[in-house]
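Visitor: Here is a sequence together with a model predicted from it:
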Amino acid sequence: MLEVRGLSRRFGGVRAVRGIDLDVPAGAIVALIGPNGAGKTTSFAAIAGFVRPDSGSVRLDGTDIIGWPPERIALAGMVRTFQITQPFAGLTVAENIRIGAFLRESHRNAATRLARELGTELGLGAWLDRPAAALTVAGRKRLELARALAARPRLLLLDEVMAGLTPTEVNETVALVRGVRGRGATILLTEHVMQAVTALADRVYVMAEGAMIAQGTPREIAVDQRVVEAYLGKGAAARIADG
Amino acid sequence: MTRGLWIALATLALLPFASHSQFVANLAMLTAISAALGQAWNIAGGFGGLTSFGHVAFFGLGAYADAILQTRYGFTPWLGLPAAALLGGGVGWLMGLATFRAGLRGSYFALVTLAFAEAFRILANSIGITGGGSGILVKLHTSAGNFQFADRRAGYAAALALLALATFAARRLAVGRFGAYLMAVRENEDAARALGVRAVRVKSAALALSGALTALGGVLYVQSYLYIDPPTAFSVERSVEMLLVAMIGGAGTVAGPLLGALAVHAIADTTRSLVATPGVAPMLYGVVLLLIIGFLPGGIARFVTRPAHA
Ligand SMILES: Nc1ncnc2c1ncn2[C@@H]1O[C@H](COP(=O)(O)OP(=O)(O)OP(=O)(O)O)[C@@H](O)[C@H]1O
Ligand SMILES: [Mg+2]
């Protein structure tokens, strides 16, 4: 469904993303992991049209979408969330979610109903009529997710929606993401919460310093020497093996 | 509470019809035009956060469109109304596309609108079709077909009709999809675009709607005073008044500009009648307005209606 080839982007001297390849088959849950600053968010931004890549191609259902503005990509069915949450601060939580709902539901009462149902389902029921600015950090993460889900995406890009959640909330969110896939959506997510990655992902891609260093099933990745080193430093895998 | 407010406003709006005083009717008309222009500004500036310092550009375009079509081409002002709305809307749309595509926002956008209005003033001053600096005089011939009325109360009724139209548009924005998109773009453009909102198009459409309504205000002005010249058509003061009326009353609220126009006119007239020393009245007026902005940052409407999340 999503096919990324040779995607690159630099910021001044920083090569944030260096020629990565990535495939997300329809119906799959794919995780993109890597240490802080690896280039995950930049990759998402480039895929979703927020950052123009220096080179490479991004195909959505076979169509090259490089150069498309983000709104066009969203209309084509790919919706992203923001790691640094971006609420419509002056609008209520329900109004925030409704903006997402309006993408596929132009009737305002139906959009309102959908927004309130979804908000309640994601544990924002008590907050629906309060301004989004009043939400806690965890609440904002949920709002990001709710807004994106309300847009009924075919391909959902989740940028660390579980950061800062309690273990119980992580479990709830894992179940929720599974449910979304169950309803036919495809998901690409970044996550530092490994438990969530293992529980959800069919396939895992690992980035470090802008490059794609490994890919495989969660099980394969967990024992991959390059991955361990990327997270813990050079020689770590050997040190661990030595005890 | 909100319902009570609207009943009170509607009752107040009807009162001047009971009076035979042309002075009262004139005052009522000026207040209604202020409210209508404030509401038109509010659609772009309040709901869309497109803070314009040069909205008078649309007012002047509408005024000139009407005056020129009548005096040069013998059109009835009844056709001047749609022509002005089309012109104001078209210019708003193009101006939106040009500035928003270039990524202009906030104070940059405000300055561009200000420059825009100035450019129109200079243009009106220098070309022939506008009569240059001497302006355009519309022949006095009161009749309904001519949209000229001997009784000021008819002019007031026309101003109320425009106010009702602008307020209806604002009300639609407050409840519907387009308005929701507009407010989303105001609050966070990137987040809105991520959810499929065509930000440039939404903002341009809001500016077009606002421009069309503002241009209609220009027509009403010409039909009431039968004269237009560049300083009147494109005065910075009128731009500022539109913005003040909306902000004092509550930018981004439906009732705001109505309350704002009442407040601004009440304050201006009270200060003027209380102090005779020249120059003191405008100062006092300014101080009172600043106090309102300082103590009621959301405007009077948010104070009066107290929404659930205030
Ligand atoms: N707008 C920008 N301007 C300059 N440098 C940037 C910008 N965005 C990202 N970078 C740099 O690019 C690199 C990759 O950042 P990115 O946010 O994509 O990493 P990440 O994998 O998402 O990290 P994290 O796990 O902390 O979210 C970092 O070195 C970062 O400082
Ligand atoms: Mg990131």
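Guide: Arrived safely, thanks for sending. Ligands and ions are numbered 1, 2, ... in the order given.
Visitor: Can you list phi and psi of residue A:58 for me?
Guide: phi -130, psi 120 (degrees, to the nearest 10).
Visitor: mind listing the strands for chain A?
Guide: Here chain A has its strands, by DSSP state E, at A:2-11, A:14-24, A:29-33, A:55-60, A:63-64, A:78-80, A:155-159, A:186-190, A:203-208, A:211-216.
Visitor: Touching the last one from outside, list them.
Guide: Residues outside strand A:211-216 that contact it (Cβ atoms under 8 Å, 6 or more residues apart in numbering or on different chains): A:18-22, A:34, A:203-207, A:221, A:224, A:226-227, A:230. C-beta coordinates here come from the backbone N, C-alpha and C atoms, glycine included.
Visitor: cool, and the fourth one?
Guide: Under the criterion Cβ under 8 Å, 6+ apart, residues A:1-8, A:19-20, A:46-47, A:64-66, A:73, A:76-78, A:155 lie in contact with strand A:55-60.
Visitor: buried residues in that strand?
Guide: Buried positions in strand A:55-60, judged by neighbour count with 16 or more other Cβ atoms under 10 Å in any protein chain shown: A:56, A:58, A:60.
Visitor: Near residue A:72, how many other residues are there?
Guide: 15 (other Cβ atoms under 10 Å in any protein chain shown).
Visitor: Any stretches of chain A with poor pLDDT?
Guide: Counting by pLDDT under 70, chain A contains low-confidence residues at A:234-243.
Visitor: Would you mind listing what in it touches chain B?
Guide: A:48, A:50, A:69-71, A:74-75, A:79-82, A:86-92, A:95, A:98-100, A:102-103, A:106, A:108, A:111, A:129-131, A:134, A:147-148, A:151 (Cβ under 8 Å from any Cβ of the partner chain).
Visitor: So what's the residue count around residue A:106?
Guide: 11.
Visitor: Check whether it really touches residue B:177, as I assumed.
Guide: Yes - contact between residue A:106 and residue B:177 holds when scored by Cβ atoms under 8 Å: they sit 5.9 Å apart.
Visitor: residues shared between the contacts of those two?
Guide: By Cβ under 8 Å, 6+ apart, no residue touches both residue A:106 and residue B:177.
Visitor: and chain A, which residues reach ligand 2?
Guide: Within chain A, the positions near ligand 2 by Cβ under 5 Å from the ion are A:40, A:41, A:83.
Visitor: Name the nearest residue to the second one, ignoring sequence neighbours.
Guide: I take that to be residue A:41. Spatial nearest neighbour of residue A:41, chain neighbours left out: residue A:83 (5.4 Å); criterion: Cβ to Cβ, 6 or more residues apart in numbering or on different chains.
Visitor: if I read this right, the one you found contacts residue A:159, doesn't it?
Guide: Yes - here residue A:83 reaches residue A:159: they are 4.1 Å apart, a contact under Cβ under 8 Å.
Visitor: the more surrounded of those two?
Guide: Shown here are residue A:83 and residue A:159; by other Cβ under 10 Å, residue A:159 has more neighbours (23 against 18).
Visitor: So the more buried one sits against residue A:86, correct?
Guide: No - at 10.8 Å, residue A:159 and residue A:86 do not qualify as touching, with contact defined as Cβ under 8 Å.
Visitor: re earlier: inside helices: which ones of the residues of chain A next to ligand 2?
Guide: Judged by DSSP state H, the residues of chain A next to ligand 2 include A:40, A:41 as members of helices.
Visitor: So which residues make contact with stretch B:145-155?
Guide: B:16-17, B:22, B:25-26, B:29, B:76-78, B:80-81, B:140-142, B:158, B:220, B:223-224, B:226.
Visitor: ChimeraX command to pick out the buried ones of those residues?
Guide: Buried members of those, defined by 16+ other Cβ under 10 Å, are picked up in ChimeraX with:
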select /B:16,25,26,29,77,80,81,158,220,223,224,226
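Visitor: And residue B:150, how close does it get to ligand 1?
Guide: 65 Å (Cβ to the nearest ligand atom, to the nearest Å).
Visitor: I meant to write residue A:71 there.
Guide: 20 Å.
Visitor: How about the contacts made by the residue positioned nearest the centre of chain A?
Guide: Centroid-nearest residue in chain A, with Cα atoms, centre = their mean: residue A:158, separated by 1.6 Å. Contacts here follow Cβ under 8 Å, 6+ apart; on that basis residue A:158 touches A:80, A:81, A:145, A:148, A:177, A:187, A:188, A:189, A:190, A:191.
Visitor: The second one is in contact with residue A:142, isn't it?
Guide: Which is residue A:81. No - between residue A:81 and residue A:142 there is no contact under Cβ under 8 Å: 10.4 Å.
Visitor: Need the overlap of contacts for the two.
Guide: Counting by Cβ under 8 Å, 6+ apart, nothing touches both residue A:81 and residue A:142.
Visitor: Now do the shared contacts for residue A:83 and residue A:159.
Guide: Between them, residue A:83 and residue A:159 share these contacting residues under Cβ under 8 Å, 6+ apart: A:41, A:190.
Visitor: Please identify which helix or strand holds the residue lying closest to residue B:192 once chain neighbours are set aside.
Guide: Spatially, and ignoring its direct neighbours in sequence, residue B:192 is nearest to residue B:184 (4.1 Å; Cβ to Cβ, 6+ apart). Assigned by DSSP states H and E, residue B:184 falls within helix B:177-187.
Visitor: Centre of the chain to that helix, how far?
Guide: 20 Å (Cα atoms, centre = their mean, to the nearest Å).
Visitor: buried sites along the very next helix or strand once past that helix?
Guide: Scanning forward in sequence from helix B:177-187 by DSSP H and E, the next helix or strand is helix B:189-194. Of all the residues in helix B:189-194, those buried under the rule 16+ other Cβ under 10 Å are B:189, B:191, B:192, B:193, B:194.
Visitor: Closest one of the residues you listed to residue B:34?
Guide: Proximity of the buried residues of helix B:189-194 to residue B:34 (Cβ to Cβ) peaks at residue B:189, which lies at 30.6 Å.
Visitor: what about the residue lying closest to the closest one once chain neighbours are set aside, how many residues close to it?
Guide: Counting by Cβ to Cβ, 6+ apart, residue B:199 is the residue found nearest to residue B:189 once chain neighbours are left out, at 5.2 Å. For residue B:199, the count of nearby residues is 19 (other Cβ under 10 Å).
Visitor: what about the strands in chain B?
Guide: Using DSSP E, strands in chain B cover B:136-137, B:227-228.
Visitor: so which of these gets nearest chain A?
Guide: strand B:227-228 (38.5 Å; Cβ to the nearest Cβ).
Visitor: chain center to that closest one, what's the gap?
Guide: That offset, for strand B:227-228, works out to 18 Å (Cα atoms, centre = their mean).
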